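Visitor: From the sequence below, what's the structure:
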Amino acid sequence: MRIDDVKAIVLTGKNGRFSGGFDINTIEDAKKPIVAAVQGLALGGGLELAMGCHARVAAPKAQLGLPELSLGVMPGFGGTQRLPRILGLSKAIDMMLTSKPILSEEGAKLGLIDAIVPPQELLKVTRKWALDIAEARKPWVRSLHRTDKIGSLSEAREIINGARQHVKRGFPNLPQHQACLDVIEEGIVHGGYAAVLKGYTPILTVGIFYNNGFEMR
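Guide: This next block holds a predicted model:
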């Protein structure tokens, strides 16, 4: 098979789990539509991978979340930028600061999941979804380019400033939470790609501080 024969791509996992991560920019900028088939868990890098795809189809009760802050690091593969653009700023910040996952049913209501189907139908429906994008029957969406759920700069900064005050009260000794908000704000002001690059920088420093001297490599 030649690459020109490929119309679209489906990403899926094995044994009830989706993925732990990948080079998401490579996926989002691909010249073929890529759709995630999510079952079981899509946490951390796995959810970031799914958000980098052009659509997401999930089985019932799949868990979706970015728990990195509870581990002393930040989402490092663009989750700080894609989640706000898909969910809206308030809900995305809440998910990241609390590190609590949501189920695919809630994700569908919020726009994170495009469709929920029985597990036995997951690959079939996802393949069709990917082909529908390739043949222009469904939209080709790159989440890092979206701005429709961000609101104005002043509205976004008001939400972020409110989150900063919440962090000072609730997480006074955990600097990764404030660093995460810094990166989110960077994306609002300067665009998603610029913030994705900045998002990699604080991870090592925050991890070392949070683990009280343990050197993370």
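Visitor: quick one, what contacts the closest residue to Pro60 other than its chain neighbours?
Guide: Excluding its sequence neighbours, the residue lying closest to Pro60 (CB to CB, 6 or more residues apart in numbering) is Ile116, at 5.9 Å. No exception for glycine: its C-beta is placed from N, CA and C like everyone else's. Each residue near Ile116 by CB atoms under 8 Å, 6 or more residues apart in numbering is listed here: 57-60, 104-105, 108.
Visitor: Recalculate using a threshold of 6 Å.
Guide: 58, 60, 104, 108 (CB atoms under 6 Å, 6 or more residues apart in numbering).
Visitor: Please report phi then psi for it.
Guide: Phi and psi for Ile116, reported as degrees, to the nearest 10, are phi -120, psi 130.
Visitor: quick revisit: and the contacts of Ile116, which are buried?
Guide: 58, 104, 108 (16 or more other CB atoms under 10 Å).
Visitor: Dump those to TSV, plus distance to Gly191 and secondary structure.
Guide: Below are the buried ones among the contacts of Ile116 laid out as TSV (distance: CB to CB, whole Å; DSSP: H, G, I helix; E, B strand; the rest coil):
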residue	distance to Gly191	secondary structure
Ala58	28	strand
Ser104	29	helix
Ala108	28	helix
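Visitor: Nearest to Asn173, out of those residues: which one, please.
Guide: Asn173 has its nearest neighbour among the buried ones among the contacts of Ile116 in Ser104, at 33.7 Å by CB to CB.
Visitor: Quickly note the distance from that closest one to Lys91.
Guide: Taking CB to CB, to the nearest Å as the measure, Ser104 falls 15 Å from Lys91.
Visitor: Ok, Leu153 next?
Guide: Distance, Leu153 to Lys91, by CB to CB: 19 Å.
Visitor: Could you do Pro172 as well?
Guide: 24 Å.
Visitor: And those two? Which one has more around it.
Guide: Set Pro172 next to Lys91 and count neighbours by other CB atoms under 10 Å: Lys91 wins out with 18 against 10.
Visitor: roughly how far apart are that one and Leu83?
Guide: According to CB to CB, Lys91 stands 8 Å off from Leu83.
Visitor: do the same with Ala50
Guide: 11 Å.
Visitor: who has more neighbours, these two?
Guide: Ala50 (29 against 26).
Visitor: how close does the more buried one sit to Gly72?
Guide: Where Gly72 is concerned, Ala50 sits at a distance of 23 Å (CB to CB).
Visitor: Please name the nearest non-neighbouring residue to Leu89.
Guide: Of all residues not flanking Leu89 in the chain, Ile159 sits nearest, at 5.0 Å (CB to CB, 6+ apart).
Visitor: Neighbours of the one you found, how many?
Guide: The number of residues near Ile159, taken as other CB under 10 Å, comes to 21.
Visitor: where do the strands sit along the chain?
Guide: Along the chain, counting by DSSP state E, strands occupy 9-11, 34-38, 41-43, 55-58, 63-65, 102-103, 115-116.
Visitor: model confidence over the first one, on average?
Guide: Mean pLDDT, strand 9-11: 73.
Visitor: And for the third one?
Guide: For strand 41-43, the mean pLDDT works out to 92.
Visitor: All set, thanks.
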